[in-house]
Each structure stands twice: as structure tokens, then as C-alpha cells.
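Novice: test case, fold it:
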Amino acid sequence: MDRPAHSNPFRTARLHALRFRYPDGDSENALLRRLAAAGGRGAIVGPHGSGKTTLCLELAARFRRDGLRVRAVRLGDSPELCGPRSLSAWLQDAGPDTAVIVDGAGRLGPLGWWRLWRGSRGAARVLVTAHRRCAFPAVLRTETSAPLLAELCARLGEPLAPEASARLLAECGGDVRAALRHLYDGWAALRP
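Specialist: Down below sits the predicted model:
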């Protein structure tokens, strides 16, 4: 029997409603203090599927509440900004009332990093994401784990046993987002 997509607990709308889970002892305010201490420029560094994009969306909302204009881009969705002059043009009006967020900045080459650094120097905040160390100081390192996947599943109302969580995360190369997609695809088969 086919199950309707709107009843799937792992559907996109429910996943997008999940909030980023900070590592124990950390918080949004602590992250913002580290960003300020780094001169308003920082990187969120972590592997695929560890929550970097979710966190960028939440921080964009926070920056707006703080009265800043937000210029945000996900380079995977906008590869044209990796081009020679596009990033500079995109940053042209980034001033002291602007927060710049570049998700996927690891796609930039050396010239792209230079253009980002130079073009955003007047912005109040600049936050980037990358999979490894980059030109901006790391203000947060994200990680994935089987307990995190199990916690997210529990938040969605579909508890996952620890051993199943560990096995699935390993099958998905440590990518929590891919594991949740896998659960979406397999959900109908799991239900009686």
C-alpha cells in the first residue's frame, strides 16, 4: 500500500523545520561572540550533511533581527558567482549595515577568496561555510554522529535504534542529510 508523501515524517518541510543542534556547551550567542572576536569574519567548517546550511539560514534570520541587511548565497546553487568578476559585483554594495553569508565557499579558488575578502571588507559580518580550513578563521566546527542522527529522528517522531543509526550513518558516509533522505525513501517500507 502506497503511503502519501505528506504523511512521511522525513519530508522536506519537516526537515527544514529542524533547528541546528549546537555541540554541548555551545550556543548561537557564543558563536556570535567568537565571530565578533574574529573581526566579524569567520567560517563554519564541517563535513557534508553536518548542518552548515541549516545554521546559515538561522544566522541569516538572527542578523535580520539585529537590523542587518543579509546578502546570502549558496554557491552550489549559484556556481556563476565563482566566476572571475561575478563575486565582486555581487558584493559591490556590502556596507556596514550588511551581513554576507557564503555557503559553500570551499568552491572558491584563490582569486575567489581574494575577491570575497576584498569585496566584503566593508560589511558588518562575513560568514562562510567550508568542508575544511579556509581563508577565514573557524568560529564553529560541525560534526556528524550516530547519536545526532538518532536525536533528529526522535525529534521527527520516528525513533531510530542506536545500532540502526550507526549503521545508516556509516552507509551514508557520515552525511546526516543523506541518511535522512534515505529514511524518507525507505519510510513506507518501514511502516506496517
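
Novice: this protein: strands as residue ranges?
Specialist: 41-45, 69-74, 98-103, 125-130, 138-141 (DSSP state E).

Novice: format the ones you listed as a markdown table; extra columns: mean neighbour count.
Specialist: Where C-beta positions appear, they are placed from N, C-alpha and C, glycine not excepted. Formatted as a markdown table, the strands of the chain follow (neighbours: other C-beta atoms under 10 Å):
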| stretch | mean neighbour count |
| --- | --- |
| strand 41-45 | 23 |
| strand 69-74 | 16 |
| strand 98-103 | 24 |
| strand 125-130 | 25 |
| strand 138-141 | 18 |
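
Novice: mind checking which of these is nearest D175?
Specialist: strand 125-130 (14.7 Å; C-beta to C-beta).

Novice: contact partners of the closest one?
Specialist: For strand 125-130, the surrounding residues in contact (C-beta atoms under 8 Å, 6 or more residues apart in numbering) are 35, 40-46, 52-53, 56, 59, 63, 68, 98-106, 116, 120, 134, 136, 139.

Novice: ranked by average pLDDT, which of the strands of the chain falls at the bottom?
Specialist: Lowest mean pLDDT of the strands of the chain: strand 69-74, a mean of 93.

Novice: angle of that one against strand 98-103?
Specialist: Per axes from the mean of the first three to the mean of the last three C-alpha atoms, to 10 degrees, the angle that strand 69-74 makes with strand 98-103 is 10 degrees.

Novice: no further queries at this time; thank you.
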